[in-house]
Every structure is written in C-alpha cells, then in structure tokens.
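# My questions concern the predicted model and sequence given below.
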Amino acid sequence: MLGLYIHIPFCASRCIYCGFYSTVPAKKKDERLSVEERYVNAICHEMELRAEKNSNNFGERIGDLSTIYLGGGTPSQLSFESLKKIFQTIDKVYHIGLERDTENNTCTTATPIEITMECNPDDITEEFAQNLRSLPINRISMGAQTFSDERLRFLHRRHTADEVETAVKRLRNANIENISVDLMFGFPNETLEEWKEDIERLLALDIEHISAYSLMYEEGTPLYRLLQAGKVKDMDDELYRQMYDTLIDRLAEAGYEQYEISNFAKLKVQTSNLNVQSSKFKVQSPYRSQHNSSYWHNVPYIGIGASAHSYSNGKRSWNIADTKAYIAAIEEDRLPCEEEIIDADTHYNDIIMTALRTCEGIDLSTLSAEYQTYLMRLAKPLQQQGLLKEDNGWLHLTRDGIYVSDSVMSDLMKV
C-alpha cells in the first residue's frame with residue numbers, strides 16, 4: 001500500500017483560521033494562468049524525478065498506489081486541463097491503469113482505488129461537476145464549515161450556506177457517490193442550539209463522510225491575532241464538551257461511526273459497489289477516508305508539491321513551503337526537500353500521536369517488547385482513571401479520554 005498526496009496551494013482568498021501553506025492568485029489573469037501552468041508542470045515533473053531517483057531508496061513502488069489525494073489550498077481552483085494533465089502523469093509514472101469510456105464520458109482506474117479532491121462549494125458549477133465525470137476522481141471533500149452565512153463571512157469563506165446544498169446536488173448528478181463535508185464548531189458567541197442546527201442541515205444532505213473540528217486559533221493566522229487582541233473569545237471547556245457530545249451522539253443516532261477523533265463515516269451502504277467490511281472490533285463503514293487512515297496506520301505515502309510531506313522506510317521528508325522556489329528547483333531537476341531519519345523513539349511517539357486518534361487505537365503487537373512494557377507502564381494510571389482501555393491487544397481512548405486526548409498522548413510519549 002502507498003498513498004499519493006498532491007498539494008495545490010492556490011486559493012482565491014485566505015480564510016482567517018487556515019494555517020496550511022497557500023497562496024492567493026495574481027491580480028492579472030495571464031499571470032495567474034502562467035503560475036498555474038508552471039506549478040502543474042512542476043508537480044508532474046516532480047513525480048517523474050522521484051520515480052527516477054528515489055524508487056529504490058525511498059520505497060516508492062511503481063504501480064502500487066492505494067490512494068490519491070489532491071489537497072490544498074483549493075485544488076478545485078485548477079482548470080480542467082490542468083487536472084487532466086496531473087492524472088495523465090500519475091498514470092504514466094505510477095501505472096494506475098486509466099480506463100476511459102468515451103461513449104459515457106467517464107474515467108476509472110483498472111484497480112479501484114480511492115481518489116479524493118478537496119473542493120470549495122462555490123467552485124462546483126454545473127460544468128465543473130460534469131467535467132469530474134471524465135476524471136478518475138471518485139471522492140470529494142468539501143469545506144462547508146458552517147451553515148450560517150454570518151459565520152461564513154466571519155471566516156472569510158467565499159461560499160454561502162445554500163451553495164453547499166447546491167454543490168452536493170450537482171455532485172450527485174455527476175455520479176459522485178462518496179462525499180465528505182467539513183464542519184466547525186466553537187465559533188465566538190456560537191450557542192449550542194446554533195450548533196445543533198448546523199448538524200441537522202448537514203445530515204439533511206445525506207452524505208457519506210463528515211469531518212468535524214472545533215475552531216482552532218493557530219499562531220500566525222488572522223484569527224489568532226484577533227484572539228490576542230481581545231476582539232474574539234474562545235469557547236469555554238464546558239460548552240466545548242457539550243458541543244462535542246452533541247456531535248457524537250447525533251451522528252451515531254444518524255448511522256455514522258466515529259472511527260477517529262474528528263471523523264465520522266456512514267455505516268449504511270446505498271448505491272455503491274463498496275462493501276461493508278467487518279473487523280475483529282465491529283462493522284466498519286466502507287466510507288472511512290482510506291487516504292487519511294494511512295497517516296494514522298503507518299502506511300507510507302508520497303507528497304508532491306510545495307510544502308508536501310513524504311514518509312517511508314524510516315524516513316520523513318518535506319518540500320520547501322515556497323511556490324516560486326519549489327518551481328525553480330524542479331525546473332532545474334532538483335528535489336527541493338529536506339529529510340530526516342526516524343529513530344525508534346520518534347517512531348514510537350508517531351504511533352502514539354496517530355494510531356491513538358483512531359477508534360481501534362494502538363495494536364500492541366506491532367511494538368517491540370521494550371516499547372510495549374514502556375507504554376503499558378505509563379498507560380496503567382490512565383486506565384485506572386478511565387481514560388484508556390485495552391481490548392484484545394489494542395489500546396484505545398475511552399470517550400472520556402478523547403476529551404483530554406492531547407494530555408493522554410503527552411503522558412505516553414517517550415522524551
């Protein structure tokens with residue numbers, strides 16, 4: 001298994017809470033198109049360079065992609081021609097077996113794999129949705145954030161609440177059967193009742209996957225500066241818990257499994273070729289994000305594009321977070337990245353930070369005897385407090401543990 005992540009940094013405008021690397025477009029259209037063309041050429045060439053130079057020493061196995069994810073930024077800002085070129089290059093380098101049905105204007109891969117693209121609701125026009133049919137994309141991740149137009153304006157989001165519903169309808173008409181929507185809670189002055197209304201608006205869309213997060217005040221963002229200036233106030237812990245409890249309980253009632261701290265997938269299978277998978281724990285939704293799950297389960301992945309990260313064979317690397325410098329390096333046939341060797345303690349800490357986020361938790365059998373002993377010694381008092389539980393050789397957070405997950409993980413880390 002191997003994941004492929006492609007970072008598209010372009011955004012029409014910046015949201016005040018976003019800490020991801022992104023750039024806003026040049027004012028002149030010809031300048032915007034020139035930057036997009038050069039960047040797309042660069043990410044395509046990076047795939048070729050990595051295949052040539054790193055297939056052996058970085059563990060990139062040609063023809064073995066299990067997931068593809070276009071994230072950002074806003075990938076839906078790319079032109080259709082740019083998207084076609086990206087997938088043609090993926091097929092050329094990684095041999096995913098693109099199969100085109102010219103009669104129905106559709107495109108699939110020889111072996112079905114999850115292919116996700118992040119989109120802004122207002123980018124999903126009728127034309128855009130129909131163009132998706134001729135690309136192998138089979139999963140859309142869309143940032144709604146809230147169904148309050150007032151809160152959307154506060155975030156500097158470009159879309160309206162109604163455009164989210166319109167976008168879902170257009171995607172369904174284009175035969176996209178796997179849709180994920182992001183939702184946020186904990187806005188300044190947001191009430192519990194307003195949060196409940198957002199959840200109900202989202203459930204009415206009958207989508208397959210939901211990611212829900214509390215509004216984060218990340219240092220360096222405009223939102224963080226508003227907090228520091230006293231112009232907004234973070235929600236209190238009690239309201240946070242009420243909102244999170246409401247989210248978990250309502251989505252469970254609606255037939256979604258919580259498979260990770262912030263992620264929920266529908267258990268009911270509708271018109272899809274996917275089959276519900278069973279595990280030693282419970283029935284699993286077929287709509288879990290396979291790509292994001294690879295991060296939580298130690299699956300290697302390749303990161304392409306400015307600021308993208310890669311991980312495999314005990315190494316982690318990251319590309320420079322500067323679009324111009326990234327393009328210039330690739331055009332000179334250089335990979336603009338740094339890398340580190342992951343030692344045993346770092347690998348153990350990575351497992352704590354990622355696997356413990358999932359409902360299954362940590363598979364103790366994957367740890368050496370030394371690290372198992374170390375972990376269970378630190379876990380014992382947390383188990384006694386009802387924050388951790390061991391089931392059939394797996395250590396996972398309890399519901400109470402989820403609320404203080406950062407503290408629990410910190411207590412289990414090796415320093």
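That came through, no problem. Numbers count the residues shown, from 1 in each chain.

# can you give me phi and psi for the spatially closest residue to residue 125 that is not a sequence neighbour?
Computed as C-beta to C-beta, 6 or more residues apart in numbering, the closest residue to residue 125 that is not its neighbour in sequence is residue 170, at 7.5 Å. Where C-beta positions appear, they are placed from N, C-alpha and C, glycine not excepted. The phi/psi pair for residue 170 (degrees, to the nearest 10) reads phi -70, psi -40.

# ok, now which ones touch residue 170?
124-126, 128-129 (C-beta atoms under 8 Å, 6 or more residues apart in numbering).

# cool, residue 222 as well?
Neighbour list for residue 222: 14, 16-17 [criterion: C-beta under 8 Å, 6+ apart].

# Show me which of the residues you listed are buried.
residue 17 (16 or more other C-beta atoms under 10 Å).

# Closest to residue 106 out of the contacts of residue 222?
Residue 106 has its nearest neighbour among the contacts of residue 222 in residue 14, at 34.9 Å by C-beta to C-beta.

# three-state assignment of the closest one?
At residue 14 the chain is in coil, as set by DSSP: H, G, I helix; E, B strand; the rest coil.

# In this structure it contacts residue 156, no?
Yes. Under the contact definition of C-beta atoms under 8 Å, residue 14 touches residue 156, with a separation of 6.8 Å.

# Following the chain onward from the least confident helix or strand in the chain by mean pLDDT, which element is next?
Every helix and strand in the chain was compared by mean pLDDT, DSSP states H and E; the lowest is strand 277-278, with a mean of 44. Following strand 277-278 in sequence order, the next helix or strand is strand 283-284 (DSSP states H and E).

# CA atoms only: put stretch 184-197 into PDB for me.
Taking Å, rounded to 0.1, in the frame of the first residue of the first chain, the C-alpha atoms of stretch 184-197 are listed here in PDB:
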ATOM      1  CA  MET A 184     -16.600  23.500  12.500                       C
ATOM      2  CA  PHE A 185     -17.900  24.300  16.000                       C
ATOM      3  CA  GLY A 186     -16.900  26.700  18.700                       C
ATOM      4  CA  PHE A 187     -17.300  30.000  16.900                       C
ATOM      5  CA  PRO A 188     -17.200  33.100  19.000                       C
ATOM      6  CA  ASN A 189     -20.600  33.600  20.600                       C
ATOM      7  CA  GLU A 190     -22.000  30.400  19.000                       C
ATOM      8  CA  THR A 191     -24.700  28.700  21.000                       C
ATOM      9  CA  LEU A 192     -25.400  25.000  21.500                       C
ATOM     10  CA  GLU A 193     -28.700  25.400  19.600                       C
ATOM     11  CA  GLU A 194     -26.900  27.000  16.600                       C
ATOM     12  CA  TRP A 195     -24.500  24.100  16.600                       C
ATOM     13  CA  LYS A 196     -27.400  21.600  16.600                       C
ATOM     14  CA  GLU A 197     -28.900  23.500  13.600                       C
END
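
# next one: phi and psi at residue 240?
Main-chain torsions, residue 240, degrees, to the nearest 10: phi -60, psi -50.

# can you count the residues close to it?
Using other C-beta atoms under 10 Å, residue 240 is surrounded by 15 other residues.

# Restricting to C-alpha, output the helix or strand containing residue 381 in CSV.
Taking DSSP H and E as the criterion, residue 381 maps to helix 369-384. Provided in CSV are the C-alpha atoms of helix 369-384 (Å, rounded to 0.1, in the frame of the first residue of the first chain):
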residue,chain,number,x,y,z
ALA,A,369,8.6,-5.9,23.9
GLU,A,370,10.6,-2.9,25.2
TYR,A,371,8.1,-0.4,23.9
GLN,A,372,5.1,-2.5,24.9
THR,A,373,6.4,-2.6,28.5
TYR,A,374,7.1,1.1,28.5
LEU,A,375,3.7,2.0,27.1
MET,A,376,1.7,-0.2,29.4
ARG,A,377,3.5,1.1,32.5
LEU,A,378,2.6,4.7,31.5
ALA,A,379,-0.9,3.7,30.5
LYS,A,380,-1.8,1.9,33.7
PRO,A,381,-2.7,5.1,35.8
LEU,A,382,-4.6,6.4,32.7
GLN,A,383,-6.6,3.2,32.5
GLN,A,384,-7.4,3.5,36.2
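
# what packs against that helix?
Packing partners of helix 369-384 (3 or more C-beta pairs under 8 Å, 6 or more residues apart in numbering; DSSP states H and E): helix 344-355, strand 388-391, strand 394-397, helix 405-412.

# at 10 Å instead, please
helix 344-355, strand 362-363, strand 388-391, strand 394-397, helix 405-412 (3 or more C-beta pairs under 10 Å, 6 or more residues apart in numbering; DSSP states H and E).

# now the residue lying closest to residue 363 once chain neighbours are set aside, which residues is it bridged with?
In space, not counting the residues next to it along the chain, residue 363 is nearest to residue 394; the distance is 5.7 Å by C-beta to C-beta, 6+ apart. Beta bridges link residue 394 to residue 363, residue 391, judged by DSSP bridges.

# Just confirm residue 394 contacts residue 375, I think it does.
No. Assessed by C-beta atoms under 10 Å, residue 394 is found out of contact with residue 375, at 11.9 Å.

# tell me, what's touching the two both at once?
Counting by C-beta atoms under 10 Å, 6 or more residues apart in numbering, the common neighbours of residue 394 and residue 375 are 362, 364.

# Can you pull out the low-pLDDT segments for the stretch 51-200 of the chain?
For the stretch 51-200 of the chain, the stretches with pLDDT under 70 are 54-63.
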